[in-house]
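Trainee: Just to be clear, the model below is a prediction. Sequence and coordinates:
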Amino acid sequence: MIEGKEIFLVYGLRSPLWNLRFSDITVDGMKYNSVEQYINAMKAKHFRDEKALDLIMKMQQPIDTRSVRIQDFYIDEWNGAVRDIVWKGLMAKVYLLCTFVLFVCNFLNTFSSHRTRAVANICFS
């Protein structure tokens, strides 16, 4: 807490938004075990490295995907593409988290219907 304000961390094991946290996301019809796997798969795809892409998709641990070397990797080109890729992966995770929150709200019936609708409007609009 800083002067009575809560801080929501997006990095580290305790954060639900951390790239390395397992979260079965689907982007463009493909399933990934984490945002980290998605980012590294997109890096391999961007540089047309099918071997690296295949290896990344077979990895079980998100952090291991960082160790895969991408052929013909150019940092300046990647820096131009990575922001949109990370954003798309995080939005898939946020969608997953919102879906879960709505499920829990409906299942436990803890929120009135107008609050559940407000959560849905925030998450899915």
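Mentor: Right, received. Where do you want to start?

Trainee: Does residue 19 belong to a helix, a strand or coil?
Mentor: coil (DSSP: H, G, I helix; E, B strand; the rest coil).

Trainee: how far away is it from residue 93?
Mentor: 9 Å (C-beta to C-beta, to the nearest Å). Quick note: C-beta positions are derived from backbone N, CA and C, even for glycine.

Trainee: intersection of neighbour lists for these two?
Mentor: Both residue 19 and residue 93 are in contact with residue 35, where contact means C-beta atoms under 8 Å, 6 or more residues apart in numbering.

Trainee: And stretch 62-71, what's buried?
Mentor: Buried residues in stretch 62-71, counted by 16 or more other C-beta atoms under 10 Å: 62, 65-66, 68, 70.

Trainee: Is it possible to get CSV of these that adds distance to residue 23, secondary structure and pLDDT?
Mentor: Shown next, in CSV, are those (distance: C-beta to C-beta, whole Å; DSSP: H, G, I helix; E, B strand; the rest coil; pLDDT from 0 to 100):
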residue, distance to residue 23, secondary structure, pLDDT
62, 9, helix, 93
65, 14, helix, 96
66, 17, helix, 94
68, 20, coil, 97
70, 23, coil, 96
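
Trainee: and which of those residues is nearest to residue 25?
Mentor: residue 62 (11.2 Å; C-beta to C-beta).

Trainee: if I look at the closest residue to residue 53 other than its chain neighbours, how far off is residue 33?
Mentor: Of all residues not flanking residue 53 in the chain, residue 44 sits nearest, at 3.9 Å (C-beta to C-beta, 6 or more residues apart in numbering). Separation of residue 44 from residue 33 (C-beta to C-beta) stands at 15 Å.

Trainee: now the helices: where do they sit in the protein?
Mentor: Along the chain, the segments classed as helices by DSSP state H run 35-46, 50-58, 75-108, 113-124.

Trainee: Give me whichever of the ones you listed is most buried.
Mentor: helix 35-46 (a mean of 23; mean count of other C-beta atoms under 10 Å).

Trainee: among the helices and strands of this protein, which has the poorest mean pLDDT?
Mentor: Within the chain, judged by mean pLDDT, DSSP states H and E, the helix or strand with the poorest mean is helix 113-124; its value is a mean of 62.
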